[in-house]
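**Q** Task: produce atomic coordinates for the following.
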Amino acid sequence: MCTVVIDVEPGAARLLAVRDEDPQRDWDDLGAWWPGRYPGVIGIRDRRAGGAWLAFDPATRRLAVLLNRADLLDLPESELESRGGLVLESVAGRSPQPPVRTHGFNLLEVTPDAARVLTWDGTALRESAVAPGVHMIAHDDLDDQATPRIEKWLPRFRAEARETSDATDWASHWIGLLAETASLDPADDRAIIRDNNPHGYPTMSLLYCTAELTAEHADVGSHILPRPGHWT
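**A** Sure, this is the predicted structure:
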């Protein structure tokens, strides 16, 4: 139940992405973990399946991040592929095409010129363009007001983005607002820094990334939470 906030402007994009995952599942922080097949690509690696949650290519300034969502699949796990490979293929310029043999997802693809969400529910793959402005996405649709954390915090992030649109330290302002969201209990469904165990999922917020993509550069950073599911 990850969360992404993205601000799309002509020729630039900024985002804040919070990763929720099982703390017992091994992973690696930002690094060039795929030098053979994806040279130059940097990302957050899932050790078990070898894919990525978030990845970007500094040369092409492509970025992709994956958010899980429910699906209608009726296939055994042995016949399904890892969703993490979709992120790496997307950054390499190869977006998923139906039929997709994975569980459901929202795949956010970002370049300095455009952003879109590819959504797979197990039966259909659909595309949603991300219009200029600030948006949020989690395990449902883009800006879905039925998602409590989006309903509560999207107006605040939009206001914060307007106030810091020309600031070079925009990321620190967004992180400050993320810290404010952590005043909620991690099990509160409005929380962004989350403990999803009470909701039936063995996942907790593990880290957050900030990224800025322009025609000139791609700047991505990460911060690991010392205590999963809690802001310290």
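**Q** In this model Leu30 seems to touch Trp53, though I could be wrong.
**A** No: between Trp53 and Leu30 there is no contact under CB atoms under 8 Å: 10.5 Å. In this view, the C-beta of every residue, glycine as well, is placed from N, C-alpha and C.
**Q** Could I get the pLDDT score of Arg37?
**A** Confidence at Arg37, expressed as pLDDT, is 96.
**Q** and if you look at Ala124?
**A** Ala124 is given a pLDDT of 88.
**Q** I'd like to know how far it sits from Leu118.
**A** 11 Å (CB to CB, to the nearest Å).
**Q** Quick check on the two: which one has the bigger neighbour count.
**A** Between Ala124 and Leu118, Leu118 has the larger neighbour count (other CB atoms under 10 Å), namely 21 against 11.
**Q** Find the helix or strand that the more buried one is a member of.
**A** strand 115-120 (DSSP states H and E).
**Q** could I get that strand in CSV with only the CA atoms?
**A** The C-alpha coordinates for strand 115-120 follow below in CSV (Å, rounded to 0.1, in the frame of the first residue of the first chain):
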residue,chain,number,x,y,z
ALA,A,115,3.8,11.2,-16.7
ARG,A,116,1.2,8.4,-16.8
VAL,A,117,-0.2,5.6,-14.8
LEU,A,118,-0.6,2.1,-16.3
THR,A,119,-3.1,0.1,-14.3
TRP,A,120,-3.5,-3.6,-14.5
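**Q** residues of whatever helix or strand comes next after that strand that come out buried?
**A** Heading C-terminal from strand 115-120, the first helix or strand you meet, by DSSP H and E, is strand 125-129. By neighbour count with 16 or more other CB atoms under 10 Å, strand 125-129 contains the buried residues Leu125, Ser128.
**Q** Grab the nearest non-local neighbour of Gly84.
**A** Excluding the flanking residues, the one nearest Gly84 by CB to CB, 6 or more residues apart in numbering is Gly51, at 1.9 Å.
**Q** again, but for Ala179
**A** Trp231 (5.8 Å).
**Q** Around the one you found, count how many other residues there are.
**A** Count around Trp231 with other CB under 10 Å applied: 19.
**Q** just Glu21 next, same as before
**A** Around Glu21 there are 22 residues (other CB under 10 Å).
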